[in-house]
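Participant: dropping a prediction and its sequence here:
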Amino acid sequence: MEGPSLEVNLPKTHEEGKLYVVDSLNNLNKLNVCPDGSQHVLNEEENTDDGAGDNTSGSNIRNQRVFFVTFILTLIVSLALVSFVIFLIIQTRNKLDQISSRLIAETKNIEELKKMHNTILKHLNQSGIQE
C-alpha cells in the first residue's frame, strides 16, 4: 500500500525549519497512505518512538489543564485577598465609628465642663469672693 511519494524542493532554511517541513510532509504522506481507521495505530506507534515524534495534542491538553488549574487557583487566591480586604475595610469602619462616637461624647463632656466652669466663675464673681 505505498502511495505516491511527495517530492518537494526545499528552499535553504534553518535546520529547525527543514525538520519541521520534513515532519509535516511525513505526516501528510501518512494521511494519504493510511485509511482513516488505521490512523490511531500510527499515532500509537509515534508515541512509542524514542521521543522522535512529538505528541502535540497530548502536550496541548496538558498545557490546557495546567492553564485551567492555574487559572482556578489564581481566582481562588484573588477571591481570598478581596474577601480579606473587604473584612479589613469593615473592621476599620467599625473602629472609626467607635472613635467618632467617643469623640462626640468627649466633645459633649468638654462643653458641659466649660458651662460648669463658667457657672462657677459667675457664682464666685457674684458672691464677691475675688482673689
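Facilitator: Good, I have the coordinates. Residues are numbered from 1 along each chain as shown.

Participant: neighbours of Asn27, how many?
Facilitator: For Asn27, the count of nearby residues is 13 (other Cβ atoms under 10 Å). Placement of C-beta: from N, CA and C, glycine included.

Participant: state the distance from it to Ser57.
Facilitator: Distance from Asn27 to Ser57, counting by Cβ to Cβ, to the nearest Å: 12 Å.

Participant: same check on Leu96?
Facilitator: Counting by Cβ to Cβ, the gap from Leu96 to Ser57 is 58 Å.

Participant: and Phe71, by the same measure?
Facilitator: 21 Å.

Participant: low-confidence ranges, this protein, go.
Facilitator: Along the chain, the parts satisfying pLDDT under 70 run over 1-19, 32-55, 129-131.

Participant: quickly find the element holding Leu88.
Facilitator: If you go by DSSP states H and E, Leu88 is part of helix 56-127.

Participant: helices or strands up against that helix?
Facilitator: Under the contact criterion of 3 or more Cβ pairs under 8 Å, 6 or more residues apart in numbering; DSSP states H and E, the helices and strands touching helix 56-127 comprise an empty set.

Participant: can you tell me which residues contact Gln98?
Facilitator: Gln98 makes contact with no residue, according to Cβ atoms under 8 Å, 6 or more residues apart in numbering.

Participant: with the one 4 residues further on instead?
Facilitator: Residues in contact with Arg102 (Cβ under 8 Å, 6+ apart): none are found.

Participant: number of residues surrounding Leu81?
Facilitator: Neighbours of Leu81 (other Cβ under 10 Å): 10.
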